[in-house]
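Chemist: Using only what follows, build the 3D model:
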Amino acid sequence: MASVLALRPKTGDIVWHYQWTPAETYDYDGNNENVLADIMVNGVKRKVLMHADRNGFLYVLDRSNGQLLAGNPYVTVNWAERIDLATGRPVETEVARRLRSGEKVELKPRWTGARTGSPWRSIPIRGSCTFR
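Modeler: Alright, predicted model coming up:
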C-alpha cells in the first residue's frame, strides 16, 4: 500500500487519491499514519494531510482535493532527487535507474524505510517544508 485514498463517507465514492511511491519498486509500503491539520500555506489557512513516508519524503496535501503542496526529504534520500510538485511524482536519480537495471546499489533510505512506527516528534526534519 503506497497510497492514500479519500472517500466520501455517505456514498463511498472516491474523492481523490495520491500514490507516495509510484510502482513501489523499493518496498517502502507507505503504511505510516496520516496527520490532519489546519495550517497556513502562503498566507492562506489550508486543511492538510501530512504523511512522513518510509520513502524518506514528508508530504503535505490539501485534504479537500488531494493537491500536493510539498514533498520534502526528512532523511538522506538517494533514490529520488525531489518530488515534482506539478506531477506529484518523484524525480528518480541514477541510483534508482541502476537498481532497476539489476545493479547492486546502496539505497537511501534502505529497504526498511526511513520511518517504521516511531512517533512524529522523533522525525529529524532536515531543512524546512517550503510551499511553492
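Chemist: mind listing the strands in this structure by residue range?
Modeler: With DSSP state E as the definition, the chain shows strands at residue ranges 3-7, 14-19, 35-41, 44-52, 57-62, 68-73, 80-83, 90-92.
Chemist: Single out the most deeply packed of those.
Modeler: Ranked by mean neighbour count under mean count of other C-beta atoms under 10 Å, the strands of the chain are led by strand 57-62, which reaches a mean of 22. In this view, the C-beta of every residue, glycine as well, is placed from N, C-alpha and C.
Chemist: which residues touch that one?
Modeler: Contacting residues not belonging to strand 57-62 are listed as 4, 18, 20, 41, 46-53, 67-74, 77, 80, 83, 90, 123, 125, 129, 131 [C-beta atoms under 8 Å, 6 or more residues apart in numbering].
Chemist: any chance of the strands of the chain in JSON lines, plus distance to residue 27?
Modeler: JSON lines is the format used below for the strands of the chain (distance: least, C-beta to C-beta, whole Å):
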{"stretch": "strand 3-7", "distance to residue 27": "15"}
{"stretch": "strand 14-19", "distance to residue 27": "15"}
{"stretch": "strand 35-41", "distance to residue 27": "23"}
{"stretch": "strand 44-52", "distance to residue 27": "17"}
{"stretch": "strand 57-62", "distance to residue 27": "16"}
{"stretch": "strand 68-73", "distance to residue 27": "18"}
{"stretch": "strand 80-83", "distance to residue 27": "15"}
{"stretch": "strand 90-92", "distance to residue 27": "15"}
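Chemist: can you put these in TSV and add mean pLDDT?
Modeler: Formatted as TSV, the strands of the chain follow (pLDDT from 0 to 100):
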stretch	mean pLDDT
strand 3-7	92
strand 14-19	95
strand 35-41	89
strand 44-52	92
strand 57-62	94
strand 68-73	94
strand 80-83	96
strand 90-92	94
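Chemist: quick one: which of these is nearest residue 29?
Modeler: strand 3-7 (10.4 Å; C-beta to C-beta).
Chemist: Tell me which residues touch the nearest residue to residue 39 once chain neighbours are set aside, please.
Modeler: Spatially, and ignoring its direct neighbours in sequence, residue 39 is nearest to residue 48 (5.7 Å; C-beta to C-beta, 6 or more residues apart in numbering). Under the criterion of C-beta under 8 Å, 6+ apart, the neighbours of residue 48 are 36-39, 41, 60-63, 69.
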